[in-house]
Each structure stands twice: as C-alpha cells, then as structure tokens.
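In: for reference, the sequence and a predicted model appear below.
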Amino acid sequence: MTTNSACQRRQDARIKGAAKTEPQNVSRTEVTRTLPNICFELKAKVDAFLREQTDDRVLADVQRQVRTSIDVIQEALGRYGLEHLSLSYNGGKDCLVLLVLILACLPDWASRPPPRSTAVDDDVATKTADTDDPTVASIPASAPSDPATTADQPLQAIYIVASHPFTEVEEFVAKSTSVYHLDLTRYTLPMRPALEAYLKDRPAVKAIFLGTRRTDPHGENLTHFDPTDEGWPRLMRVHPVIDWHYVEIWAFIRHLQIPFCELYNRGFTSLGGVKDTRPNPALAIGGNGSKFRPAYELRADDEERLGRD
C-alpha cells in the first residue's frame, strides 16, 4: 500500500513550480485528510444529493446530469483502470465538478470484486472488437485488484498552464491539488506539446478526462468518448460533463458547497490568462465596469465567454 507521506512527496514533486500556499476557505485539517476520507466524503455528498426530493427544476436537471456523468466515469474506469487514466485540470469550474465526481466514484471502484486473471486475453480481444477506442488493445484488461491500493492511489492529472496565468488560478490549483491529493504534473507549454511531454513522462496513460462542455469551442460534435484527432498524441478523450449547462455546473458547486477559485466571485466566468481574460461584461454593476456580480449569477450559456478575447 502506498503511504500517505509517500503520496504527498510525489504530489509535491509533480506540482513543478505551482504556488503552494494554504487554501482559502479550507482548513488545515481539511488539507491533511487522507485520500480515502476525501473520496468517501464526496461520495456521501453526491449520494445524498441524488436522494434529495426537489421541486427546483435546475437541481432536478443537475441530478439527471450527475447520474449520466457517473455512468460515463464508471465506464472509463471499467475500460482502463485508474492507472491508465488522467484528468486535465486547470482549477476551472467544469473540471472541478468533474474532479469531485471522479473521486466520488472511487470508493465503489476500489471495492469491486477482483477481475478473473484468466480472462485477460479474452477481455482484451472482446474490447478491441467491440469498440472504436484506438488505445484499448494495448491496455491490460485487469485493473488493480487490491481495494486498499486503489483507495490510496492518487488520481493522475495534467495542468497545462495558460500564458500569463492568474496568481489566483495558480494558487487554487496548488490548493485543490493538496486537498484532493492529485498526482499533478504541470506544463508551461501549448496543449499539443504539453500532451506529448506528458505521455513521455506517463506512458501508461491511455485516456484523459476533460471538463469540456457542448458550448465550449469545438465541443458541439463531441461524444462521451472521442479519440484524439489525427496528428495529436494518441489518447481517448473522455467527456463526462459534455452536456451540462452553465447554470447546472454552478448549481452543483454551490449546492454541494465545493470551494472554487476566488476569481469567480469577481465576475470572471471563464478562466484563461491575464492578457486574454477579464470579468464578464454581462455581470457588470453600473456603467463604469469596476464592479461585477459573481459568476454563478450568469444564466445564459452563450454569454459565458464574453470575458475572453
């Protein structure tokens, strides 16, 4: 079993220069909770939310979206096993929701029955025949069979840093990496070379969770599982929150009381770099553009990126 101290040393080494100040609105006790504690607490939160009876249309829609996303996450875990999966994480609201849902799925994943060792070859052949996944043939069909090992195994993640990043974003990524025990690798490169470098560092990774939604650029035709385009590093892209709407993302975060990046309280609705991102003008208070309502008060999907150049 991997010890907590060993996990923490590995996480510290992987942050590679991200700010490492203590989380705002997160106590020292919360930061030092073990990964299994975090996963079981998030699972309890999500399960309790799904059991709620509500007349609120948005919350009812969020419950439906959560169930679909959990199905996609469980399918990805079943296809690949945790050791072949990673998360694209930049501290934004969408990948934050995805992170919470993935961790909430891990207790059930860790407690699953061990796979039959004799079925490995048959499973690989079946998967290869039944899916268009270009990576699956090279993946062992058997996932880790020791629940304790899986429960202590940090989720791998890649952080591709924006040009001229906000200090607040850097700090939140470092804080949430510590709280959620992410095994995070940080790259100050454009996306394609960053992925190429990541796969050299982590050759076992075959699929990556993305917080892309349908209304994001190039998101309109995506499905839950999409291979990377020709010329890109060979990965399966997994999109569990692809059909979530903007208001549903914020309803989930606020209803479950998930800490988020402070910039969202200042009117930023989509986080990029300092030189291409500003508070959303649709949230401006008054005419001088000096004060803004928080991001969660925006309602329209098509206004989300009005603060991005």
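Out: Perfect, I can see it now. Residues are numbered from 1 along each chain as shown.
In: which non-adjacent residue is nearest Pro165?
Out: Gly273 (5.8 Å; Cβ to Cβ, 6 or more residues apart in numbering). C-beta: built from backbone N, CA, C; applies to glycine.
In: test my guess that the one you found contacts Ala162.
Out: Yes - Gly273 is within contact range of Ala162, at 3.9 Å (criterion: Cβ atoms under 8 Å).
In: these two: which is more packed in?
Out: Ranked by neighbour count (other Cβ atoms under 10 Å), Gly273 and Ala162 place Ala162 first, with 18 against 15.
In: the longest helix along the chain packs against which elements?
Out: Here the longest helix in the chain is taken by residue count, with DSSP state H as the criterion, and it is helix 57-80. Applying 3 or more Cβ pairs under 8 Å, 6 or more residues apart in numbering; DSSP states H and E, one finds that helix 57-80 contacts helix 35-51, helix 93-110, strand 207-209, strand 225-227, strand 236-238, helix 246-255.
In: and the ones you listed as a markdown table, adding mean pLDDT, mean neighbour count and distance to Ser176?
Out: Shown next, in a markdown table, are those (pLDDT from 0 to 100; neighbours: other Cβ atoms under 10 Å; distance: least, Cβ to Cβ, whole Å):
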| stretch | mean pLDDT | mean neighbour count | distance to Ser176 |
| --- | --- | --- | --- |
| helix 35-51 | 97 | 16 | 11 |
| helix 93-110 | 95 | 22 | 7 |
| strand 207-209 | 98 | 23 | 15 |
| strand 225-227 | 97 | 17 | 26 |
| strand 236-238 | 98 | 24 | 20 |
| helix 246-255 | 98 | 20 | 12 |
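In: closest one to Glu303 among those?
Out: helix 246-255 (8.3 Å; Cβ to Cβ).
In: show me what that closest one is in contact with.
Out: Contact partners of helix 246-255, identified using Cβ atoms under 8 Å, 6 or more residues apart in numbering, comprise 49, 58-59, 61-62, 65-66, 93-94, 96-97, 213, 215, 241, 258, 260, 269, 295-296, 298-301, 304.
In: what do you get for stretch 295-309?
Out: By Cβ under 8 Å, 6+ apart, stretch 295-309 touches 93, 215, 245-247, 250, 253-254, 264-265, 267-270, 272, 275-283.
In: re the thing from before, next, work out how far apart the residue nearest to Pro165 and Asp309 are.
Out: 10 Å (Cβ to Cβ, to the nearest Å).
In: and Glu83, by the same measure?
Out: Counting by Cβ to Cβ, the separation of Glu83 from Asp309 is 39 Å.
In: these two: who's more crowded?
Out: Using other Cβ under 10 Å as the criterion, Glu83 and Asp309 rank with Glu83 on top: 17 against 9.
In: where does the stretch 101-250 of the chain dip in pLDDT?
Out: The model of the stretch 101-250 of the chain has pLDDT under 70 over residues 113-151.
In: how far is the longest helix of the chain from where the chain is centred?
Out: Distance, stretch centre to chain centre, for helix 57-80: 13 Å (Cα atoms, centre = their mean, to the nearest Å).
In: quick check: angle from it to helix 35-51?
Out: 130 degrees (axes from the mean of the first three to the mean of the last three Cα atoms, to 10 degrees).
In: quick one: average confidence on stretch 77-84?
Out: Across stretch 77-84, pLDDT averages out at 95.
In: show me what counts as buried in it.
Out: By 16 or more other Cβ atoms under 10 Å, the buried positions in stretch 77-84 come out as Leu77, Arg79, Tyr80, Gly81, Leu82, Glu83, His84.
In: would you mind confirming that Val100 makes contact with Glu41?
Out: No - using Cβ under 8 Å, Val100 is not in contact with Glu41, being 10.4 Å away.
In: circling back: can you pick out the most distant pair from the buried residues of stretch 77-84?
Out: Going by Cβ to Cβ, the pair spanning the buried residues of stretch 77-84 furthest: Arg79 and Glu83, at 12.4 Å.
In: quick one, phi/psi of Arg308?
Out: phi -110, psi 140 (degrees, to the nearest 10).
In: how many neighbours does the closest residue to it other than its chain neighbours have?
Out: Sequence neighbours aside, Ser270 is the residue nearest to Arg308 in space, at 5.2 Å (criterion: Cβ to Cβ, 6+ apart). A total of 18 residues lie near Ser270 under the criterion other Cβ under 10 Å.
In: which SS class is Ser270?
Out: At Ser270 the chain is in coil, as set by DSSP: H, G, I helix; E, B strand; the rest coil.
In: tell me the contacts of it?
Out: Counting by Cβ under 8 Å, 6+ apart, Ser270 makes contact with Gly92, Thr277, Asn280, Glu304, Arg305, Gly307, Arg308.
In: if I look at it, how far off is Glu304?
Out: In terms of Cβ to Cβ, Ser270 sits 6 Å off from Glu304.
In: with Asn280 instead?
Out: In terms of Cβ to Cβ, Asn280 sits 8 Å off from Glu304.
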